[in-house]
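Undergrad: Sequence and predicted structure, then a few things I'm wondering about:
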Amino acid sequence: MNAKKNNTCRIHFIKAMSGDSFLIELGDGHCILIDCGYKSTYESELKPILQRLYNEGCRLDLLIITHMDEDHIGGAIALIEDNGDSENPNVIAIDNIWFNGIFAVCRNYGFLCSHLVERLSEMDYSKNRYLYSKVLRLIGTGEGLISAKHAEAFEVLCRSYNYNLNNVSKNGLIMAGDKIKIGKWKISVLSPGKNEINCFAKWIDKKLISYLGRNYKLAKGDFVEFIEKLIIATEKDEAGICGRECISASKIDIKNWLGTSTLAKMNEVNRMSIVIEIECDETSMLFTGDSESEDWIKRAKPQYDVVKLSHHGSTKPNIKLLESIRIEKALISTNGKKNHPENDLLARIFINGIKDIYFNYEIRQKEQILRCQGEYAVTAHFEENKIEVKR
């Protein structure tokens with residue numbers, strides 16, 4: 001079948017629970033998928049749309065997994081497993097995949113590779129097992145959101161099924177400055193830059209040294225699992241924890257929400273998020289993953305038609321973005337759990353003069369937002385899962 005031709009770009013704002021997933025129809029059969037939420041997101045929300053688009057003659061020119069958190073990559077693993085070999089896809093054709101995984105990072109840093117061995121000595125093995133059990137006791141039995149094992153599985157699957165993984169890159173990592181053209185659209189990477197990747201690699205090394213000593217040794221087969229558990233044990237992502245809650249009053253002043261955030265910083269995994277700019281003629285869009293905007297703001301344009309705000313509506317990573325960029329439509333991906341979005345961020349959006357704000361779910365602040373939107377000339381959209389953008 002022939003793909004539909006029109007002058008409208010359509011964003012499918014996928015219900016991904018506490019995660020992210022955006023399917024963008026660029027027109028003329030071209031599509032980009034940014035993150036896939038959890039496995040259940042793919043099965044219940046994404047797969048039916050992808051199959052329909054494929055039957056209409058569309059393809060995924062680009063699949064981007066911004067970073068390794070489970071709420072971004074879990075559904076991508078399910079998609080690749082379900083889709084099978086790239087030459088004979090079961091769900092939809094995928095031309096290119098961008099993802100910065102654990103293996104790709106380690107291959108670029110000798111100070112990490114130098115500690116990896118095929119087989120540990122008996123002494124190192126006993127030491128590592130003891131420390132590993134200690135880490136497990138710290139984190140308990142619950143699963144963490146940061147998933148190095150998922151990152152490993154995704155990289156392996158992409159290679160096994162012959163997908164083009166990071167083919168635009170010179171060193172196997174997607175970095176600021178990388179570009180691709182899709183039809184009339186230009187996709188440019190704003191982040192991570194060299195500094196963010198260096199910091200991530202050093203962060204891993206520092207954590208391993210803190211547990212295993214400066215001359216640590218790890219078996220190659222155990223590396224990814226150890227890293228995952230270590231990160232979960234030592235990095236508690238507090239960015240979604242609010243300070244003061246002020247949402248119960250019948251009539252509120254939105255300005256009272258300012259200053260209520262803890263302004264918790266993004267960890268190094270989130271700051272490795274792939275941030276992309278999508279442009280065609282006068283239309284421009286920005287998708288930020290869970291990044292820290294101060295890392296890439298100098299590379300961004302002064303205005304965008306659509307911006308996906310970072311980290312489910314946390315305040316800290318979006319401050320520089322809101323201060324520096326004019327936004328027509330802002331997207332916040334969250335089901336309202338984990339104290340997302342923060343009141344502080346919502347107040348900044350209203351005061352900033354953004355015309356439209358979209359949520360893929362109803363959130364706990366809905367009633368207060370609806371009361372205030374007239375005063376600030378903001379229109380709030382809840383559960384509008386298809387957003388049309390003229391091009």
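TA: On my side now, so go ahead.
Undergrad: I'd like to know how many residues surround residue 204.
TA: Other residues lying near residue 204 total 23 when counted by other Cβ atoms under 10 Å. For glycine as for every other residue, the C-beta is placed from the backbone atoms N, C-alpha and C.
Undergrad: Okay, and it sits in which element?
TA: Taking DSSP states H and E as the definition, one finds residue 204 inside helix 194-212.
Undergrad: what's downstream of that helix, the next helix or strand?
TA: Per DSSP H and E, the first helix or strand lying C-terminal to helix 194-212 is strand 218-219.
Undergrad: Identify the residues contacting that next one?
TA: Under the criterion Cβ atoms under 8 Å, 6 or more residues apart in numbering, residues 115, 116, 117, 118, 119, 120, 125, 128, 208, 212, 226 lie in contact with strand 218-219.
Undergrad: Buried ones only from those residues, please, as a PyMOL command.
TA: Entered in PyMOL, the line below selects the buried ones among the contacts of strand 218-219, by 16 or more other Cβ atoms under 10 Å:
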select buried, resi 115+120+128+208+212+226
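Undergrad: and which of the contacts of strand 218-219 is nearest to residue 43?
TA: Nearest to residue 43, judged by Cβ to Cβ, of these is residue 226 at 30.2 Å.
Undergrad: need the helices for this protein, in chain order.
TA: For the chain, the helices defined by DSSP state H cover 39-41, 47-55, 70-83, 102-107, 110-113, 122-139, 148-160, 194-212, 223-234, 319-324, 343-352, 366-376.
Undergrad: which one of those lies closest to residue 186?
TA: helix 319-324 (20.7 Å).
Undergrad: Give me the buried positions along the closest one.
TA: 319, 320, 321, 322.
Undergrad: For residue 355, which non-adjacent residue is closest in space?
TA: residue 328 (5.6 Å; Cβ to Cβ, 6 or more residues apart in numbering).
Undergrad: Revised request: answer the last question for residue 387.
TA: Nearest non-adjacent residue to residue 387, counting by Cβ to Cβ, 6+ apart: residue 11, 4.3 Å away.
Undergrad: Can you read off the pLDDT for that neighbour?
TA: Note on residue 11: pLDDT of 98.
Undergrad: Return the set of residues that bridge with it.
TA: Taking DSSP bridges as the rule, residue 11 bridges to residue 24, residue 387.
Undergrad: Go ahead and confirm residue 91 touches residue 48.
TA: No - in this structure, residue 91 is not within contact of residue 48 by Cβ atoms under 8 Å, at 10.0 Å.
Undergrad: more crowded one of the two?
TA: Counted by other Cβ under 10 Å, residue 91 and residue 48 do not tie: residue 91 has more neighbours, with 18 against 10.
Undergrad: picking that back up, right, and the helices of the chain - which one's nearest residue 24?
TA: helix 47-55 (11.1 Å).
Undergrad: Buried residues in stretch 198-210, which are they?
TA: Neighbour-count burial for stretch 198-210 flags 199, 200, 201, 203, 204, 205, 207, 208 (criterion: 16+ other Cβ under 10 Å).
Undergrad: Check stretch 99-111 too.
TA: For stretch 99-111, the neighbour count (16+ other Cβ under 10 Å) marks 99, 100, 101, 102, 103, 104, 105, 106, 109 as buried.
Undergrad: just stretch 336-346 next, same as before
TA: Result for stretch 336-346 [16+ other Cβ under 10 Å]: buried residues 336, 338, 339, 340, 341, 342, 343, 344, 345, 346.
Undergrad: gap between that stretch and the chain center?
TA: Centre-to-centre, stretch 336-346 and its host chain are 17 Å apart (Cα atoms, centre = their mean, to the nearest Å).
Undergrad: That one: end-to-end distance?
TA: With Cα to Cα, to the nearest Å as the measure, stretch 336-346 spans 13 Å from end to end.
Undergrad: got it, and stretch 217-228?
TA: Termini of stretch 217-228 sit 16 Å apart (Cα to Cα).
Undergrad: Could you list the buried residues of that stretch?
TA: In terms of neighbour count (16+ other Cβ under 10 Å), stretch 217-228 has its buried residues at 217, 218, 223, 224, 226, 227, 228.
Undergrad: for stretch 381-391, same thing?
TA: Buried residues in stretch 381-391, defined by neighbour count with 16+ other Cβ under 10 Å: 387, 389, 391.
Undergrad: got the contact list for the first one?
TA: With Cβ under 8 Å, 6+ apart as the criterion, the residues that contact residue 387 are 10, 11, 13, 306, 329, 331, 358.
Undergrad: so the last one makes contact with residue 329?
TA: Yes - taking Cβ under 8 Å as the definition, residue 358 is a contact partner of residue 329 at 6.5 Å.
Undergrad: can you list the weak-confidence ranges in this protein?
TA: Low-confidence segments of the chain, defined by pLDDT under 70: 1-6, 132-147, 230-251.
Undergrad: Nearest residue to residue 103 in space, ignoring adjacent ones along the chain?
TA: Using Cβ to Cβ, 6+ apart, the closest residue to residue 103 is residue 155 (5.3 Å).
Undergrad: residue contacts, that neighbour?
TA: By Cβ under 8 Å, 6+ apart, residue 155 lies in contact with 99, 101, 102, 103, 104, 165.
Undergrad: returning to what we had before: between the contacts of residue 387, which is closest to residue 292?
TA: Minimum distance to residue 292 across these is 17.9 Å, recorded for residue 331 (Cβ to Cβ).
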